[in-house]
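[1] Attaching a predicted model along with its sequence, questions to come.
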Amino acid sequence: MTLYGYRIPSMAALLVWAVIWEIIGRFELVMLFPPFTKVLAALGDVISTPSFAAAARITMFSYLAGLAIAVVFGIALGMLMGLVKPADRLLNMWVNIFLSAPLSALVPVIMILLGMGTPTVIATVFMFAVWIIALDTRAGVQHVSPSLMEMSQSFGASRFKRLNMILLAALPEILAGVRLGVIRGVKGVVIGQLLVSIIGVGALFNLYSQNFLMAHFWALILILFAFALSLAALVGRLETRVEYYAGSRG
Amino acid sequence: MTMAKPLVAETAVRAEDSDAVITVRGLHKVYGNSTVALDNIDLSFMRGHLTSLLGPSGCGKTTLLKIIAGLLKPTSGEVLVNGKPVRGPGPERAFVFQDFALMPWATVLRNAAFGLEVRGAPKAEREDRARHYINEVGLAGFEDKYPHELSGGMRQRVGLARALAVDADVLLMDEPFSAVDEQTRRKFQEDLIRLREVENKTFILVTHSIEEAVYLSDRIVLLSPRPGRVADIMEPDIDRNVDPDLIRREPAYLDLIDDIWRGLRHYVE
């Protein structure tokens, strides 16, 4: 965006919202919103507490574990659906249902199955992230150029080699799915921990809201937003490195 | 300069001819229940010759080429390569694809060496051979580029280098020049004539361009559409050891193009 000939970075919009937030906070218009500057001050406070370090560690662990399982399982499931017609007919509807279902409602069920601990959170992250990865992988595999497969066949490539080629050819779509999975996974870890509410960030949220530490509460949300966005940006950068050949396919 | 000698299809079949690399016998291909793509095709392809399969779209020429390649199964009939029936793709045949079929994630060098890579050739050896053929097709200096950095014509040169590198007896080319622009195509055709002098290989070329078929081929197989049958076989008598531009002005070249067009016209109308 340009304004009076100056280029304005897209992040500038955030500044406007921060100013509005600050004004609302200063005039105490809405009790839930302390001034933005106070939230920023609380940021340091939150990060330096030992309970935050512990919460961050356990959150990070459940998030990465859930995401790793989701990536492996999602890609495998997507490959299966993309390559085996009967499997696709059997699974496609279910995967789509899970993709759009309100998964938060399932967390209590998972809690009954896996207990009030980290496994439940890991399972929640998995459930949030896996379906989009599977569907994008499926789409990628189905769009692999048929002549590329004929090529590998005509030169006598082994089954394993051909599977490997399919994976590489579908990589742009797979990474797009992983990026979306990364973002959904953050939702999963927060919702999981909030519902379990005695571990990780969820416990902190409970602590802050029950003691009405709204500045701390918002500071924690900011941290989580920043975390999700920077992870997505990281995968996005990986994507642009692969993207260079996506356009030249087919 | 003699005129082309049109032969009747049936008499042209010399299946037992020892000089035939590929023999096609009684080939039928039916898609679904009713669409007859190929109907009773008998052909043999001589070693060292370039044969074009020419015909309007829907005449089954690509189907025939893919059956010879072992990528498609015929409904009935058989294909013999060096006297042995074909069960699938084999090392004595290499395919050049209409849309190049390059791996976008691999460099020119790796793409050209692909056939050798899947055959388990050691890295140094296969890269040596790939380099040689990249040079041969005029792409020296582009070894480390990726396909998306090349023009269409250059991509097809990579496809050709890949097919040459495996040292097959027969090169099967499926409309190899149809996806490149006219100027590039002409240059490519001239290079192919030169390449044939160096590489003693048999070429089978599918094309829908009459000019291309006449310009390049020792033999032209005309296929008629729906059902695909051999309509005619011609052997252009054109001296290709002259300046490439002169070929395009030879009366024999121009007359044969007219002849073929007259033969094909009614399929299009």
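    Yep, that arrived. Numbering: from 1, shown residues only, chains lettered A, B, ... in the order given.

[2] Stretch B:201-208 close to chain A?
    No - using CB under 8 Å from any CB of the partner chain, stretch B:201-208 never reaches chain A; the gap is at least 13.5 Å. The way it works is simple: take the backbone N, C-alpha and C, and place the C-beta from them, glycine included.

[3] what is the mean pLDDT for that stretch?
    The average pLDDT for stretch B:201-208 rounds to 90.

[4] now B:K61: how far from B:A94?
    Per CB to CB, to the nearest Å, B:K61 is found 18 Å from B:A94.

[5] meant to ask about B:F45, not that
    Separation of B:F45 from B:A94 (CB to CB): 14 Å.

[6] likewise A:S209?
    On the measure of CB to CB, A:S209 and B:A94 end up 69 Å apart.

[7] More neighbours: the two, which one.
    It is B:A94, of A:S209 and B:A94, that has more neighbours when counted by other CB atoms under 10 Å in any protein chain shown, with 26 against 13.

[8] For the residue positioned nearest the centre of chain A, list the residues it contacts.
    Nearest to the mean C-alpha position of chain A, by CA atoms, centre = their mean, lies A:I183 at 2.0 Å. Counting by CB atoms under 8 Å, 6 or more residues apart in numbering or on different chains, A:I183 touches A:A228, A:L231, A:A232.

[9] Could you do A:R184 as well?
    A:F128, A:A129, A:I132.

[10] can you give me the strands in chain A?
    A:2-3, A:6-7 (DSSP state E).

[11] Also chain B?
    In chain B, the strands defined using DSSP E lie at B:20-31, B:35-46, B:50-54, B:76-81, B:84-85, B:93-96, B:170-174, B:202-207, B:219-224, B:229-234.

[12] So in that sheet, which strands flank the fifth one, and in what orientation?
    Translated: strand B:84-85. strand B:76-81 (antiparallel) (DSSP bridges).

[13] just to revisit the earlier point, most surrounded residue in the contacts of A:R184?
    Busiest of those [other CB under 10 Å] is A:A129, holding 31 neighbours.

[14] Confirm for me that that one is in contact with A:A68.
    No - A:A129 is beyond contact range of A:A68, at 9.8 Å (criterion: CB atoms under 8 Å).

[15] interface residues of the stretch 151-269 of chain B facing chain A?
    So the stretch 151-269 of chain B meets chain A at B:R162, B:V166 (CB under 8 Å from any CB).

[16] For the stretch 151-269 of chain B, which residue gets nearest to chain A?
    B:V166 (6.9 Å; CB to the nearest CB).

[17] Model confidence for the closest residue to that residue other than its chain neighbours, exactly?
    For B:V166, ignoring the flanking residues on the chain, the nearest one in space by CB to CB, 6 or more residues apart in numbering or on different chains is B:G115 at 3.8 Å. The model reports B:G115 with a pLDDT of 90.

[18] Report the contact partners of B:G115.
    B:G115 neighbours (CB under 8 Å, 6+ apart): A:F155, A:G156, B:A94, B:R162, B:A163, B:A165, B:V166.

[19] 7 Å - rerun?
    A:F155, B:A94, B:R162, B:A165, B:V166 (CB atoms under 7 Å, 6 or more residues apart in numbering or on different chains).

[20] Among these, name the buried ones.
    Among the contacts of B:G115, the ones that count as buried by 16 or more other CB atoms under 10 Å in any protein chain shown are A:F155, B:A94, B:R162, B:A165, B:V166.

[21] Turn these into a markdown table, columns for distance to A:K85 and pLDDT.
    Listed next are the buried ones among the contacts of B:G115 as a markdown table, based on distance: CB to CB, whole Å; pLDDT from 0 to 100:
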| residue | distance to A:K85 | pLDDT |
| --- | --- | --- |
| A:F155 | 25 | 90 |
| B:A94 | 30 | 91 |
| B:R162 | 31 | 92 |
| B:A165 | 35 | 90 |
| B:V166 | 32 | 90 |
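
[22] Taking those together, which two end up most distant?
    A:F155 and B:A165 (10.0 Å; CB to CB).

[23] which regions of the stretch 1-150 of chain B sit below the pLDDT cut-off?
    Residue ranges of the stretch 1-150 of chain B with pLDDT under 70: B:1-18.

[24] mind listing the helices for it?
    B:9-12, B:61-69, B:108-112, B:114-118, B:123-136 (DSSP state H, counting those that start in this stretch).

[25] For the ones you listed, state which one has the densest average packing.
    Of all the helices of the stretch 1-150 of chain B, helix B:108-112 carries the top mean neighbour count, a mean of 25, counting by mean count of other CB atoms under 10 Å in any protein chain shown.

[26] hmm, who's touching that helix?
    When contacts are defined by CB under 7 Å, 6+ apart, helix B:108-112 is touched by residues B:102-103, B:127, B:130-131, B:133-134, B:139, B:142-145, B:147, B:158, B:161-162, B:165.

[27] Could you pull up phi and psi at B:V86?
    Torsion angles at B:V86 (phi, psi; degrees, to the nearest 10) stand at phi -80, psi 130.

[28] and it, how many residues sit next to it?
    20.

[29] From what I see, it and B:G70 are in contact.
    Yes - with contact defined as CB atoms under 7 Å, B:V86 reaches B:G70; the gap is 5.1 Å.

[30] could you show me where the helices are in chain A, in order?
    Using DSSP state H, the helices assigned to chain A run over residues A:12-26, A:36-48, A:50-83, A:85-100, A:107-114, A:118-142, A:146-154, A:159-169, A:171-196, A:200-210, A:214-246.

[31] Reformat those helices as CSV; add mean pLDDT.
    Shown next, in CSV, are the helices of chain A (pLDDT from 0 to 100):
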stretch, mean pLDDT
helix A:12-26, 84
helix A:36-48, 86
helix A:50-83, 92
helix A:85-100, 90
helix A:107-114, 87
helix A:118-142, 93
helix A:146-154, 91
helix A:159-169, 91
helix A:171-196, 88
helix A:200-210, 85
helix A:214-246, 81
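
[32] Can you say which of those is packed in most?
    With neighbours defined as mean count of other CB under 10 Å, those peak in mean count at helix A:118-142, which reaches a mean of 25.

[33] beta partners for B:S52?
    Beta-bridge partners of B:S52, counted by DSSP bridges, are B:L205, B:I220.
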